[in-house]
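Q: Give me coordinates for this.
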Amino acid sequence: MVKKILWFMVISLFFINQGVQAYWIWTPKTGKWVNPKYAVKDSPQEQLEWAMNLYMNKNYEGAIGEFKKLIKYYPNSPQACDAQYFIGKGYEELGKFYEAFKAYQKVIDTYPYTQKVEEVIEREYRIGDLYFTGHRDKILGMGIASPLERALEIFQKVVDNAPYGQYAPPSQYKIGIILGKLGRNEEAKQAFLKLEKNYPDSEFAKEAKYQIGLLGYKASPKSFYSQEETETSIKEVEEFLRTNPSSSLKDDAQKILGDLRNKKAESLFKTAQFYERQKYFDSAVLYYDDIVNNYADTEWAAKSLERISIIKEKRNK
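A: Got it, this is the predicted structure:
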């Protein structure tokens, strides 16, 4: 005890010499010396009001510290959820959006029955959109993470948090867009298929067909032996055009469809040539006829008619 008193006297003399008015007291409860100025308040409500006062006066760093103190000392109090929520808002005010997202997610994870769930999810979605449109976190002027990677993480959480909420369909759609931009085309396709399956009545489900067709168009193989991806893409884009005749993506979709059909016709033409070289003329003509009858709008239709005519001449000699 004597040692503690001596320490108290030393600390007090130090602050007196520094001209500081702060003082320290011994608390038997914690067994520590504390400065009342920085101590937690006597009740969670008093602590919340103290933190909110700092928040309302735009001292966001100070408020976040006090909210965290409330959660630390009164984790099971009704005010703890509010404190966690305002930590997120404080970080948003400071422009620390990823930290804000993390704080909001703690609200969902720790207080899943709070009435703030819908508002928190909306705030998470807005933050995801911020990264989706290119916001990049910086430390000392340097970007530290890919905005798309962060947007992907946040949108996935939004879907997980409320799979049937209003922000799930647009989040799922943007997950597909992001994965496509990151070159993860198969994952992107699965994301759009999930969108079609889980949210078939969503406006985003309609555009998913276009996006699946576009992914297939990009991934469509140059080899004529395998055209399964091309055929799937043609069906998706045709369905998109049939169900969305007034879409702003209509012109792009028609161009993609034309390219896909041309690629499919080219594949059939090369298959026909293969049989022709092997002197299986009947099989070759079947493929050429298929092109003439079903891909008349492609450059390969006229070439197929020419080959059919040449084969007939050979047979008549």
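
Q: make it CA atoms for all contacts and neighbour counts henceforth
A: Fine.

Q: for this protein, which spans come out with low pLDDT?
A: Residue ranges of the chain with pLDDT under 70: 1-37, 139-144, 220-226.

Q: Nearest the geometric middle of it, what residue?
A: Leu152 (2.8 Å; CA atoms, centre = their mean).

Q: I figured that one hits Gly180, correct?
A: No. Using CA atoms under 8 Å, Leu152 is not in contact with Gly180; the gap is 11.3 Å.

Q: The residue nearest to the centre of the chain and Tyr280, how far apart?
A: For Leu152, the distance to Tyr280 equals 53 Å [CA to CA, to the nearest Å].

Q: Ok, Lys317 next?
A: Separation of Lys317 from Tyr280 (CA to CA): 17 Å.

Q: Neighbour count: these two, which is higher?
A: Neighbours were counted for Lys317 and for Tyr280 using other CA atoms under 10 Å; Tyr280 has more, 13 against 5.

Q: what's the longest helix anywhere in the chain packed up against?
A: Ordering each helix of the chain by length in residues (DSSP state H) puts helix 250-277 first. In terms of contacts (3 or more CA pairs under 8 Å, 6 or more residues apart in numbering; DSSP states H and E), helix 250-277 is packed against helix 203-219, helix 228-243, helix 281-294, helix 300-316.

Q: Show me which positions of it end up buried.
A: 250, 253, 256-273, 275-276 (16 or more other CA atoms under 10 Å).

Q: burial count for the closest residue to Arg307 other than its chain neighbours?
A: Once flanking residues are discounted, Arg307 sits nearest to Tyr288: 7.6 Å by CA to CA, 6 or more residues apart in numbering. Tyr288 has 27 neighbouring residues, counting by other CA under 10 Å.

Q: Ok, the one 4 residues further on next?
A: Applying other CA under 10 Å, we find 19 other residues in the vicinity of Val292.

Q: So it sits against Ser304, correct?
A: Yes. The pair Val292 / Ser304 is scored as a contact, 6.6 Å apart, by CA under 8 Å.

Q: Between those two, which contacts overlap?
A: Shared contacts of Val292 and Ser304 (CA atoms under 8 Å, 6 or more residues apart in numbering): none.

Q: counting contacts, what elements does the helix or strand hosting Val120 pack onto?
A: Following DSSP states H and E, one finds Val120 within helix 117-132. With contacts taken as 3+ CA pairs under 8 Å, 6+ apart, helix 117-132 sits against helix 97-110, helix 147-161.

Q: what's that helix in contact with?
A: 85, 97-98, 101, 104-105, 107-108, 147-148, 150-152, 154-155, 158, 161-162, 167, 171, 178.

Q: Narrow those residues to those that are buried.
A: For the contacts of helix 117-132, buried by 16+ other CA under 10 Å: 85, 97-98, 101, 104-105, 107-108, 147-148, 150-152, 154-155, 158, 161, 167, 171, 178.

Q: Determine the number of other residues adjacent to the nearest residue to Ala272 once chain neighbours are set aside.
A: Excluding the flanking residues, the one nearest Ala272 by CA to CA, 6+ apart is Ala284, at 4.3 Å. With neighbours defined by other CA under 10 Å, the count for Ala284 comes to 25.

Q: now Leu286
A: 14.

Q: what's the answer for Tyr38, then?
A: Neighbours around Tyr38, by other CA under 10 Å: 10.

Q: Kindly report the same for Arg123.
A: There are 19 residues near Arg123, going by other CA under 10 Å.

Q: The stretch 1-150 of the chain: helices as residue ranges?
A: Using DSSP state H, counting those that start in this stretch, the helices of the stretch 1-150 of the chain run over residues 2-17, 44-56, 60-73, 79-93, 97-110, 117-132, 147-161.

Q: Excluding sequence neighbours, find me the nearest residue to Arg150.
A: Leaving aside its chain neighbours, Arg150 sits nearest to Tyr131 (6.6 Å; criterion: CA to CA, 6+ apart).

Q: wait, what's in contact with the residue lying closest to Ile64 once chain neighbours are set aside?
A: Leaving aside its sequence neighbours, Ile64 sits nearest to Ile87 (CA to CA, 6+ apart; 5.2 Å). Ile87 sits next to Ala63, Ile64, Phe67, Lys68, Ala100, Ala103 when contact means CA under 8 Å, 6+ apart.

Q: I'd like to know how far Ile87 sits from Ala39.
A: From Ile87 to Ala39 the distance is 19 Å (CA to CA).

Q: Also Gln190?
A: According to CA to CA, Gln190 and Ala39 sit 52 Å apart.

Q: If anything else comes up later, I'll come back, but that's it for now.
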